[in-house]
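Engineer: could you look at this predicted model? Sequence included:
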Amino acid sequence: MNERYDDIIVGSGAGGAAAAYGLARQGRRVLILEKGAALPEDGSTLDVERVIRRGAFKSTERWLDGAGRTFVPEEYFNLGGKTRWYGAALLRFAPEEFEADAAYGALPWPIAYRDLAPYYAEAEALLGVREFPIEPDLRALLNRLDGRWQSAPLPLALAAGIIDDEHEARHFDGFASGRGLKADAVSALLARIASLPNVTLRTASAVTALLPDPTDARGVAGVCVGNEAVSGERVLLAAGALHSPRLLADYLERTGLARALPAARQVGRYFKRHLLTAVLAFGPRRSEDRLRKTVLLSAEAFPHSTVQPLGFGGDVLSTLLPGFLPAPLARLLGAHAYGFFLQTEDGSDTRNQVRVANGGGHPELDYDAARTPAALAEHRRFVAAFRRALFAAGSPNGARTIPLAGTAHACGTLAAGDDPARSVVDADGRVHGLANLHVVDGSVLARSSRVNPSLTIYAWALRVAAGLGARGVCT
Ligand SMILES: Cc1cc2nc3c(=O)[nH]c(=O)nc-3n(C[C@H](O)[C@H](O)[C@H](O)COP(=O)(O)OP(=O)(O)OC[C@H]3O[C@@H](n4cnc5c(N)ncnc54)[C@H](O)[C@@H]3O)c2cc1C
């Protein structure tokens, strides 16, 4: 082994970047290892043809579903991870979403909302979260919805001036900003620490394995980047909820700890992704709204569900229409459409899980929404109710269930909890039974809540970093 770091962070998305920010500012010698490259800055990340139709920036890694069919999850291996592509809706989970909900099949977090609250505030400040006015077409539609649907402003990590840049304003959700008008892991976190002498960032450096301490595998000594060994006092996993559990499972298997540690049986389990449906509502006029994604809708009868408009302009919405439609008709319908994204929290089921590639084959994502029946029932009723409300408001609409490949909100596979027999990491993010391996990405989410996950991932990682600083390595 050559150079030795204090903290090695595997992955540079929401969790990795926030942890790096927190640790670097404590003066720790931080190494960030990112599998992907930095994205080009030539405008191609805003090109509908390249980004949406050709999926040119997406991962091509093939997986198997629970029935053995191959598919390609919507993952992005690039500096900043999925945050470069996200819709920037940065919402806090509600206090009750940190508690167990037995009737719904949801496990508790090992921390309370108040424990995360200061880090939520820090993340919101770092990401410059703000609200935007509701635009006219959406306002008109909301006015026609019946009173059961409550709307609240949607906090967005977008620069105030984005609204004046029509191209960026119509292409922030699912695209990577070319002008830094969307705050993400790179622009809001890594950029603040990149020039510090104690920070090293390596792209195109996929971690292939964790290295055991030669005297006791309950401590990790570092990581492998291909054939290269890199040593560090601590390792923080932030490769994302589909990838971190595979690195950990492999480590536990190789070291024999898979049989010794109760938490090992939980690695990869409780996978969640939200139950997701996209709804396209059509109106008689072309919509001129730019951002669109400015409100969060909820209804009391559906406590685990929310709706937010998609931040898609007509050109993107047209790509969601059935492929058999002639292109000019799809374009016309897209221009007259408003997109909505309906999400329902999924329950915690141990059978929904990520498995490592068996014998060098494809990794496996075994997930069936029917295993969380309360969540599935609420989502179906929620979608039906919202569509009925749109029809009643004069908006004919169509719905599309987002298939398993839609892993934008993947989480939960190294769940945080107090009980090592039912969780993988403790309240401080440390893997139960291991001395110096922590998890700071979406894998830790014990519950997925009814809103998008990134702000909670940023906040968790900031909190873990602060805790590590307070304790030091040897305490
Ligand atoms: C289109 C889209 C829209 C979204 N919209 C929203 C939204 O509006 N609001 C919201 O809150 N969330 C949104 N999300 C979800 C959000 O982006 C993710 O929840 C968040 O980025 C997850 O953070 P993470 O740190 O767990 O993983 P990631 O951000 O995916 O980061 C993981 C990183 O690890 C790297 N990596 C993987 N394996 C290795 C390895 N072996 N070695 C080194 N590096 C590795 C990856 O390349 C990646 O950079 C959206 C996602 C997508 C795709």
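Structural biologist: Thanks, I have it. Residues are numbered from 1 along each chain as shown.

Engineer: by proximity to the ligand, which residue of this structure wins?
Structural biologist: Going by Cβ to the nearest ligand atom, the ligand is nearest to G13 of the chain, at 2.0 Å. To be clear about C-beta, it is placed using only N, CA and C from the backbone, and glycine gets the same treatment.

Engineer: now do the contacts for that residue.
Structural biologist: 80-83, 185, 238, 240, 441, 457 (Cβ atoms under 8 Å, 6 or more residues apart in numbering).

Engineer: which of these come close to the ligand?
Structural biologist: 81-83, 238, 240, 441, 457 (Cβ under 6 Å from any ligand atom).

Engineer: could you give me the ChimeraX syntax to select whichever of those are buried?
Structural biologist: Buried residues within the ones next to the ligand among the contacts of G13, by 16 or more other Cβ atoms under 10 Å, are selected in ChimeraX with:
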select :81,82,83,238,240,441,457
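
Engineer: hmm, back to that, nearest residue to the residue of the chain closest to the ligand other than its sequence neighbours?
Structural biologist: Nearest residue to G13, sequence neighbours excluded (Cβ to Cβ, 6 or more residues apart in numbering): G81, at 2.4 Å.

Engineer: the nearest residue to K293 once chain neighbours are set aside: neighbour count?
Structural biologist: Once flanking residues are discounted, K293 sits nearest to G311: 3.6 Å by Cβ to Cβ, 6+ apart. G311 has 27 neighbours, counted by other Cβ atoms under 10 Å.

Engineer: cool, A435 as well?
Structural biologist: Using other Cβ under 10 Å, A435 has 15 neighbouring residues.

Engineer: nearest to A384 among the ones next to the ligand among the contacts of G13?
Structural biologist: Nearest to A384 out of the ones next to the ligand among the contacts of G13 is K82 (Cβ to Cβ; 29.8 Å).

Engineer: may I have the residues that are in contact with A14?
Structural biologist: 81-83, 185, 441-442, 454, 457-458, 461.

Engineer: got the contact list for H438?
Structural biologist: Shown in contact with H438 (Cβ under 8 Å, 6+ apart): 234-237, 425, 428-431, 464, 468.

Engineer: again, only this time at 7 Å
Structural biologist: H438 sits next to 234, 236, 429-430, 464 when contact means Cβ atoms under 7 Å, 6 or more residues apart in numbering.

Engineer: can you pull the pLDDT of G360?
Structural biologist: The per-residue pLDDT reported for G360 equals 66.

Engineer: farthest residue from the center of this structure?
Structural biologist: T215 (36.1 Å; Cα atoms, centre = their mean).

Engineer: that one belongs to a strand?
Structural biologist: No: assessed with DSSP: H, G, I helix; E, B strand; the rest coil, T215 is coil; it does not lie in a strand.

Engineer: what parts of the stretch 101-250 of the chain come near the ligand?
Structural biologist: Contact residues, the stretch 101-250 of the chain versus the ligand (Cβ under 6 Å from any ligand atom): 174, 206-207, 238-241, 243.

Engineer: in the helix or strand containing P328, what's buried?
Structural biologist: Element membership for P328 (DSSP states H and E) is helix 327-335. Using 16+ other Cβ under 10 Å as the test for burial, helix 327-335 gives 330-331, 333-335.

Engineer: the helices in this structure, which residues?
Structural biologist: 14-24, 48, 113-127, 136-144, 166-170, 191-193, 244-255, 257-260, 314-317, 327-335, 373-392, 454-471 (DSSP state H).
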